[in-house]
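Visitor: sequence below, structure please.
(one chain, ligands or ions: 1)
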Amino acid sequence: TAFEQPHRTSFHYQPAKNWMNGKLAIPITPLYYKGYYHLFYQYNPIAAVWGNIVWGHAVSTDMVHWLYLEDALERDQWYDRLGVWSGSATIGPDGVPFILYTENTGEQLQNMAVPADPADPLLRKWIKVPQNPIATHPGNVGREDFRDPSTAWKQSDGSWVFTVGAVVEDRTGVALQYRSTDLKHWELEEELLHKLQGTGMWECVDFFPVDYDNNTVVSDHATTSVEKTKSIEQKYVFKTSLIENGHDYYVIGTYDKDARKFVPDHPELDIGRGYRYDYGKFYASKTQYDPVKNRHVVWAWVTESDSQAMDIAKGWSSVLGIPRTLALDSKTGVNLIQWPIEEVNALRMGQVSKTDVKLDAGAVVQVEGAVGGQLDVEVVFEYPNISAMGVIDEANFDDQFDCSLGGAAHQGVFGPFGLLVLTDKDFQEQTAVFFYIAHKSDGQWTTKFCSDHSRSSLLHDVDKTVYGSDVTVLPTEDFLSLRVIVDRSIVESFVQGGRMAITSRVYPTVAVDDLASLYLFNNGTTPITVRSLDAYQMTHVVMHPI
Ligand code: DQQ
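Guide: Reported below is the predicted structural model:
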């Protein structure tokens, strides 16, 4: 079965077979209703490639163990000939959810569906409402540039609003808004929620209030909507998926209720130039407000890095990243903190712990006992004493270093140092996740975090691009922390407490299951101290059809 395949993940969500989400897309639409978390996703029921898109559906009580259900929305109307595309679920005024989604006829149309039986906690059957389509593209928007309605929110006057992405002239990405008073008829609003020139089509726009990570709770999460009562200090996240570069960007700001606009706190950190949720593979993400634990959780579509021929041979393609809890970083105020939902910790089994490990220049140290293709590892390094460097030899300037330059094999003064995961005893295959502290000729030091797949697999027909980006390390932080979740073909790194993340897909052929080991390494010329390391083996989660 697929579960016996070495690259099938063991505790990440995947449909039993076929394609989840596409060459274009995905959204995942998560929802909580009557005791169950619901997951809806773009799904091809007949092949492991994009096409024939319908809404797959699964339910869970912990967002980790899932029951597969029949598809929620099928291609059964004149207007969904080319696919039932992305959208969102909202809990309506009567506590019953409704779905807004895009159907494609060659022209993109917004539509609505409601549960056939609101008493069914599994929400197995959905009815497309007779008013469909509820919105057609405005005159200044192309027929195929109008998609992915968001979760709707309630305004103080009682009306409901959703936003939907589009592109207008000058490659200006826009978030259109539609308003309804009866949840049947929707009118285009004059005001845009947000726009930005030069960013291209905005897919899967998401907009939600967010609280600080130090428990400064300022939002009123009465519904999954972004309705607010204490609006003064409330921060909002605006996120969109840029089809032009395949990345999910978010920006923190406020919501001007009167102008009905999102206002970024820092325009220089707006979409396309500021933060990404993830510096690896992570697209078309959607958040969910979880009323049970009062948290926002983000779900993302993680594609394969192998060839389409390999996907067809495996019979499946794409996984969902580990769901992440989101909070605003109270130390910086400008970025989110992302952390695997706490339910993931229940999958931890055997533990190996170490403290105060010295990694000399060139060291590669096996973490004995931390074996397997399914691990959750937390490691904290001492931040090296860069001020002890004195005058830097010009030869050690690292203006060029961008992770891909040599990757883990590069030798610097401070790094690369980090972990080798999914590594066999002969080092034929190794995936390096590491820090590198670069010294620029302008005298500044920057901390980089990189995920290097260049030696991750003996296979040739897989993408081995090295990912990486800068990490903010505050002057008060004398450490570098890293949590890595490894699940056979996915490696997710959460850096500096979740301030930055990188998701990778890798396809080891030798470093598989019991033959996969964990190592600490330091390829730099300065010794590095590991303050602590805790590695856990992760159990296998069986997903069932209901
Ligand atoms: N994929 C969907 C679209 C969406 C895109 C189609 C996101 O609705 O814009 O499968 O990757």
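Visitor: phi, psi of the spatially closest residue to residue 6 that is not a sequence neighbour?
Guide: Nearest residue to residue 6 in three dimensions, chain neighbours excluded: residue 512, at 4.6 Å (C-beta to C-beta, 6 or more residues apart in numbering). In short, each C-beta sits where N, CA and C put it, glycine included. Main-chain torsions, residue 512, degrees, to the nearest 10: phi -120, psi 140.
Visitor: got it, and residue 407?
Guide: Dihedral angles (degrees, to the nearest 10) for residue 407: phi 60, psi -140.
Visitor: wait, it touches residue 433, no?
Guide: No - with contact defined as C-beta atoms under 8 Å, residue 407 does not count as touching residue 433 (10.8 Å).
Visitor: out of the two, which sits in the busier spot?
Guide: Higher neighbour count among residue 407 and residue 433: residue 433, with 28 against 21, using other C-beta atoms under 10 Å.
Visitor: list the contacts for the more buried one?
Guide: Residues near residue 433 by C-beta atoms under 8 Å, 6 or more residues apart in numbering: 418-419, 421, 449-452, 482, 484, 491, 493, 502.
Visitor: switch the cut-off to 10 Å
Guide: The contact partners of residue 433, by C-beta atoms under 10 Å, 6 or more residues apart in numbering, come to 377, 379, 408, 416, 418-421, 449-453, 467-468, 482, 484, 486, 491-493, 495, 502, 504.
Visitor: okay, and it sits in which element?
Guide: Element membership for residue 433, per DSSP states H and E: strand 431-439.
Visitor: with just CA atoms, put the helix or strand following that strand into CSV.
Guide: Downstream of strand 431-439, the next assigned helix or strand under DSSP H and E is strand 445-452. Written as CSV, here are the backbone C-alpha positions of strand 445-452 (Å, rounded to 0.1, in the frame of the first residue of the first chain):
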residue,chain,number,x,y,z
TRP,A,445,26.7,40.5,11.2
THR,A,446,23.6,38.7,9.9
THR,A,447,22.4,35.3,11.0
LYS,A,448,21.1,33.0,8.3
PHE,A,449,19.2,29.8,8.5
CYS,A,450,19.4,27.4,5.6
SER,A,451,18.0,24.0,4.5
ASP,A,452,20.3,22.2,2.2
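Visitor: strand 445-452 vs strand 431-439, what angle?
Guide: Per axes from the mean of the first three to the mean of the last three C-alpha atoms, to 10 degrees, the angle that strand 445-452 makes with strand 431-439 is 160 degrees.
Visitor: hang on, the earlier thing: and the residue nearest to residue 6, how many neighbours?
Guide: Neighbour count of residue 512, defined by other C-beta under 10 Å: 18.
Visitor: give the burial count for the closest residue to the ligand within the stretch 301-450 of the chain, as a bare number.
Guide: Across the stretch 301-450 of the chain, no residue is closer to the ligand than residue 301, which sits at 7.1 Å (C-beta to the nearest ligand atom). Neighbour count for residue 301, taken as other C-beta under 10 Å: 27.
Visitor: so what pLDDT did it get?
Guide: Note for residue 301: predicted pLDDT of 95.
Visitor: wait, a strand at it?
Guide: Yes - remark: residue 301 belongs to a strand, assigned using DSSP: H, G, I helix; E, B strand; the rest coil.
Visitor: distance-wise, check it relative to residue 86.
Guide: When distance is defined by C-beta to C-beta, to the nearest Å, residue 301 is 10 Å away from residue 86.
Visitor: ok, back up a step: give me the subset of the contacts of residue 433 touching the ligand.
Guide: Checking these against the ligand by C-beta under 6 Å from any ligand atom, not one of them is in range.
Visitor: from those residues, list the buried ones, please.
Guide: 377, 379, 408, 416, 418-421, 449-453, 467-468, 482, 484, 486, 491-493, 495, 502, 504 (16 or more other C-beta atoms under 10 Å).
Visitor: just the ones of those in strands?
Guide: Counting by DSSP state E, those place 377, 379, 416, 418-421, 449-452, 467-468, 482, 484, 486, 491-493, 495, 502, 504 in strands.
Visitor: near the ligand, which residues of the stretch 51-200 of the chain are found?
Guide: 53, 85-86, 102, 147-148.
Visitor: got the buried residues for stretch 431-447?
Guide: Under the neighbour-count criterion of 16+ other C-beta under 10 Å, stretch 431-447 has 431-439, 445, 447 buried.
Visitor: take these and write them to JSON lines, including pLDDT.
Guide: Below are those laid out as JSON lines (pLDDT from 0 to 100):
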{"residue": "431", "pLDDT": "98"}
{"residue": "432", "pLDDT": "98"}
{"residue": "433", "pLDDT": "98"}
{"residue": "434", "pLDDT": "98"}
{"residue": "435", "pLDDT": "98"}
{"residue": "436", "pLDDT": "96"}
{"residue": "437", "pLDDT": "94"}
{"residue": "438", "pLDDT": "91"}
{"residue": "439", "pLDDT": "85"}
{"residue": "445", "pLDDT": "88"}
{"residue": "447", "pLDDT": "96"}
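Visitor: and the nearest residue to residue 140 once chain neighbours are set aside, what does it touch?
Guide: Taking C-beta to C-beta, 6+ apart, and ignoring the residues beside it in sequence, residue 140 has residue 168 as its nearest neighbour in space, at 5.2 Å. Residues in contact with residue 168 (C-beta under 10 Å, 6+ apart) are 138, 140-142, 145, 174, 176, 192, 195, 197.
Visitor: next one: residue 168 from the ligand, what distance?
Guide: 17 Å (C-beta to the nearest ligand atom, to the nearest Å).
Visitor: same deal with residue 13?
Guide: Here residue 13 is placed at a distance of 17 Å from the ligand (C-beta to the nearest ligand atom).
Visitor: give me the number of residues near that residue?
Guide: Neighbour count for residue 13, taken as other C-beta under 10 Å: 25.
Visitor: looking at this, it is in a strand?
Guide: No - under three-state DSSP, residue 13 sits outside any strand and is assigned coil.
Visitor: for it, give me its contacts.
Guide: Residues in contact with residue 13 (C-beta under 10 Å, 6+ apart) are 20, 28, 39, 41, 58, 60, 63-66, 68, 299, 318-323, 541, 543.
Visitor: quick one: the strands in the stretch 301-450 of the chain?
Guide: Secondary structure of the stretch 301-450 of the chain (DSSP state E, counting those that start in this stretch): strands located at 316-317, 319-320, 324-328, 336-340, 348-359, 364-371, 374-382, 414-423, 431-439, 445-452.
Visitor: and the stretch 251-400 of the chain, which residues reach the ligand?
Guide: Counting by C-beta under 6 Å from any ligand atom, the residues of the stretch 251-400 of the chain lying close to the ligand are residue 284.
Visitor: for the stretch 251-400 of the chain, which residue gets nearest to the ligand?
Guide: Of all residues in the stretch 251-400 of the chain, the one sitting closest to the ligand is residue 284 (4.0 Å; C-beta to the nearest ligand atom).
Visitor: the host helix or strand of that residue pairs with which strands, and in what direction?
Guide: Secondary structure assigned from DSSP H and E places residue 284 in strand 283-290. Strand 283-290 pairs in its sheet with strand 295-302 (antiparallel), by DSSP bridges.
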